[in-house]
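J.: Make a model of this:
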Amino acid sequence: MGPAARLLLLLLLLPPLALLPGRSAGQGLGLGRRPPLQSGPEGWALAGGRRLLSLELLEEAEDLSLALLGAGLPGELPPECRKLLEAFANSSAGLAGCLVRSARPVRLCRGCYRHFQSVAEQLENITRAVGNSSESNCAKSLLMSDRVQVVVILSQFFNSTWEKANCASCMKNNSEGLSNSTVEFLDLFNATLSCFEHNFQGQATHLVPSNRTEVCRNCNVTYKNLNALYNNMQKMTGLGSHSEHRTQLCIDVEDAMNITRRLWSRTFNCSVPCSDTVPVIAISSFILFLPVIFYLSSFLHSKQKKRILILPKRIQSSASLVNIQEKYS
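T.: Here you go, the predicted model:
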């Protein structure tokens, strides 16, 4: 007989007195009344024997329940698998919280890459199999034991978010930290914002032309350097090409540049003078004057070549006849 069957049999054999201590023999759960115990020495002996039997049955039932819990119920995880699952849960909670906190302004890559590495390491600890049967059983239990597969869904969500943000382009090759170009860009971005704040005193809703002029004049060099660095980073990643599989910059760099350009152009109404202004103006003027030149040349050409009128034959014959008549008259 198995432990579960023995435990069920013992629970059925236990008298209500043992299961419900403190209640009289005549009180039950509304299912009926038990006959009162006999009075006298025989009754006391019978009650004591029943009480001892009930205590023995309770002790054996407790031992069987502890044995069942120690053996593990179906679906229960072993201790080593439970530790792996708790470690993955803690790292996932840290990464999810970091992603939400870094949503605006966008600082996903620079603020959450350590959390992302922790989740990747915990998932690797679950999925790797080095020949140990317990580890392979943990991978099956945590990744393939049910239809929902929560661990797999969470890992796929984190990987998809990381790829959409393109955080790999901001990291070093081994993903230990930010790349040198990203660090340089972020430092220059902070310097540009500090220049904006230093040269503009007051709230953005009370802009005056003098303050905007100071920002445009004093922060022009810093902004141009930031814009040039961003353009160089785009060229390095192949954004300037027309390839379908071109690489984008990470979302932190793109959002930072968008914020800076929005402040420069819309808030402060500044503009960067283009170095190719003179050639552009010359070509535009030439294209605009092309119709004028065309019509003027066609008019002068038509004035030089005058049309020669040819008289019809009938008119020529009548003219000659008149001449002959005048001659002989």
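J.: How far does stretch 200-220 stretch from one end to the other?
T.: This stretch, stretch 200-220, spans 14 Å end to end (CA to CA, to the nearest Å).
J.: Low-confidence bits of the stretch 1-150 of the chain, can you list those?
T.: Residues of the stretch 1-150 of the chain that meet the criterion pLDDT under 70 lie in 1-75, 129-136.
J.: could you give me the average pLDDT of stretch 182-199?
T.: Averaged across stretch 182-199, the pLDDT comes to 94.
J.: Now do the contacts for T182.
T.: R110, C170, M171, C250, D252, V253 (CB atoms under 8 Å, 6 or more residues apart in numbering). Backbone N, C-alpha and C define where each C-beta goes, glycine included.
J.: Please apply the same query to F189.
T.: Contact partners of F189, counting by CB under 8 Å, 6+ apart, are L226, A256, M257, T260.
J.: For the strand or helix carrying it, which residues meet the burial criterion?
T.: Using DSSP states H and E, F189 falls within helix 180-199. For helix 180-199, the neighbour count (16 or more other CB atoms under 10 Å) marks S181, T182, F185, L186, L188, F189, T192, L193, C195, F196, N199 as buried.
J.: Which of those residues sits closest to S285?
T.: Of all the buried residues of helix 180-199, T192 has the smallest distance to S285: 35.4 Å, by CB to CB.
J.: just checking, the closest one touches N220?
T.: No: assessed by CB atoms under 8 Å, T192 is found out of contact with N220, at 10.6 Å.
J.: what's the overlap in contacts for these two?
T.: The overlap between the contact sets of T192 and N220 (CB under 8 Å, 6+ apart) is empty.
J.: What's the first helix or strand after the helix or strand where L99 lies?
T.: Here L99 sits within helix 79-101, counting by DSSP H and E. Next along the chain after helix 79-101, taking DSSP H and E as the criterion, comes helix 108-127.
J.: So what touches that following helix?
T.: Where contact means CB under 8 Å, 6+ apart, the residues beyond helix 108-127 that reach it are 84-85, 87-88, 91-92, 94-95, 98-99, 101-102, 138-139, 142-143, 151, 155, 158, 161-162, 165, 167, 170-171, 175, 177-178, 182, 186, 250-252.
J.: Just the buried residues from these, in PyMOL please.
T.: The following PyMOL line selects those of the contacts of helix 108-127 that are buried, judged by 16+ other CB under 10 Å:
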select buried, resi 84+85+87+88+91+92+94+95+98+99+102+138+139+142+143+151+155+158+161+162+165+167+170+171+178+182+186+250+251+252
